[in-house]
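**Student:** Kindly return the folded structure for what I paste below:
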Amino acid sequence: MEPKEIAEAIRDRYPTEVREIKEFRGQVSVIVRKDRIKEMLKYLHETPEFYFDFLEDLCGVDYLGRKEPRFEVVYHLYSMRHNHMIRIRAEVPEDDCAVDSVVDIWQGANWHERECYDLLGVTFNGHPDLRRILLPEDWEGHPLRKDYPLQSDLGDREWKDYKEVVEIAERNKVYEVR
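**Tutor:** Numbers count the residues shown, from 1 in each chain. Predicted coordinates:
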């Protein structure tokens, strides 16, 4: 089945949820409202003619200043049985920055959802262990947000462990081979 056919089938089944279908260089994206995203993805996973058994990737996008809603959670789905793929883009507004978890559909989503939460600040409702995965637990903010400061002005409140690593590196420069 071609990606465009899959996108049209999704629109037929969820006409009020599908906002737009985009095609670029042979890749099709279905832009949807987030409210029924889990139901939609479960349908794509369990329906025999689609059978999207592999979640290739799940990531987040911040469109600050470019479009509303500000965020999207992007699901790249692939069917090993049918050798077809589709991209589902769920729109997530800034004032309700949460979407349902799909870990119970694809176990591999566990890590991806935690990464998206950690770096972008999107919450995944029903996630079994939603906590930071790349940054320390005491890290403030989400560094992939477009409004995240590029430089810190925290002074003495700068992340303590980072400062210790820098100090150790400076002290150990005497041991470097030249």
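
**Student:** tell me the contacts of residue 64?
**Tutor:** The contact partners of residue 64, by C-beta atoms under 8 Å, 6 or more residues apart in numbering, come to 70, 145, 146, 147. The way it works is simple: take the backbone N, C-alpha and C, and place the C-beta from them, glycine included.

**Student:** Relative to residue 147, how far out is it?
**Tutor:** Here the distance between residue 64 and residue 147 works out to 6 Å (C-beta to C-beta, to the nearest Å).

**Student:** can I get the contacts of residue 64 in a markdown table with distance to residue 43?
**Tutor:** Formatted as a markdown table, the entries for the contacts of residue 64 read as follows, by distance: C-beta to C-beta, whole Å:
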| residue | distance to residue 43 |
| --- | --- |
| 70 | 27 |
| 145 | 31 |
| 146 | 33 |
| 147 | 35 |
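
**Student:** Count the neighbours of residue 69 for me.
**Tutor:** Here the count is done by other C-beta atoms under 10 Å, and residue 69 has 16 residues near it.

**Student:** can you pull the contacts of the residue lying closest to it once chain neighbours are set aside?
**Tutor:** Of all residues not flanking residue 69 in the chain, residue 93 sits nearest, at 3.9 Å (C-beta to C-beta, 6 or more residues apart in numbering). Listed by C-beta under 8 Å, 6+ apart, the contact set of residue 93 reads 68, 69, 70, 71.

**Student:** what's the closest non-adjacent residue to the most centrally placed residue in the chain?
**Tutor:** A centroid search over the chain (C-alpha atoms, centre = their mean) returns residue 59, at 2.4 Å, as the residue closest to the centre. Spatial nearest neighbour of residue 59, excluding adjacent residues (C-beta to C-beta, 6+ apart): residue 74 at 5.3 Å.

**Student:** Could you measure from the one you found over to residue 14?
**Tutor:** Distance check for residue 74 against residue 14: by C-beta to C-beta, it reads 17 Å.

**Student:** Next, residue 92: phi, psi?
**Tutor:** When read as degrees, to the nearest 10, the backbone of residue 92 gives phi -130, psi 110.
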